[in-house]
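**Student:** starting from these lines, generate the structure:
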Amino acid sequence: METLQNTLKALRTEKGFTQASLAEAVGVSRKTINTIENHVFTPSALLAMQIARALDVTVHDIFYLKDD
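**Tutor:** Numbers count the residues shown, from 1 in each chain. Predicted structure coming up:
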């Protein structure tokens, strides 16, 4: 079985964003960014693309599939 993983926290900090500033840039709550980073919430395709655009990376740079 595959699970969706992400590198959001590493990319966010590398790009100089806090959870709050990234959340504001994409129009969600800080809690939403936190739950994505902690694999509690899987974002919609639209939100994933908005996050990628805000970080100036591709969706594939942030999200990937991992075999369990």
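**Student:** looking at this structure, which helix is longest?
**Tutor:** If you go by DSSP state H, the chain has its longest helix at helix 45-55.
**Student:** grab the nearest non-local neighbour of residue 20.
**Tutor:** Using CB to CB, 6 or more residues apart in numbering and skipping the chain neighbours, the partner closest in space to residue 20 is residue 30 (4.6 Å). Yep, even glycine has a C-beta here, placed from its N, CA and C like the rest.
**Student:** residue contacts, the one you found?
**Tutor:** 19, 20, 23 (CB atoms under 8 Å, 6 or more residues apart in numbering).
**Student:** same thing but 10 Å
**Tutor:** Taking CB atoms under 10 Å, 6 or more residues apart in numbering, we find residue 30 in contact with 18, 19, 20, 21, 22, 23, 24.
**Student:** now render these as a markdown table, adding secondary structure, pLDDT and neighbour count.
**Tutor:** As requested, the contacts of residue 30 are arranged in a markdown table below (DSSP: H, G, I helix; E, B strand; the rest coil; pLDDT from 0 to 100; neighbours: other CB atoms under 10 Å):
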| residue | secondary structure | pLDDT | neighbour count |
| --- | --- | --- | --- |
| 18 | coil | 98 | 12 |
| 19 | helix | 98 | 19 |
| 20 | helix | 98 | 12 |
| 21 | helix | 98 | 14 |
| 22 | helix | 98 | 25 |
| 23 | helix | 98 | 19 |
| 24 | helix | 98 | 15 |
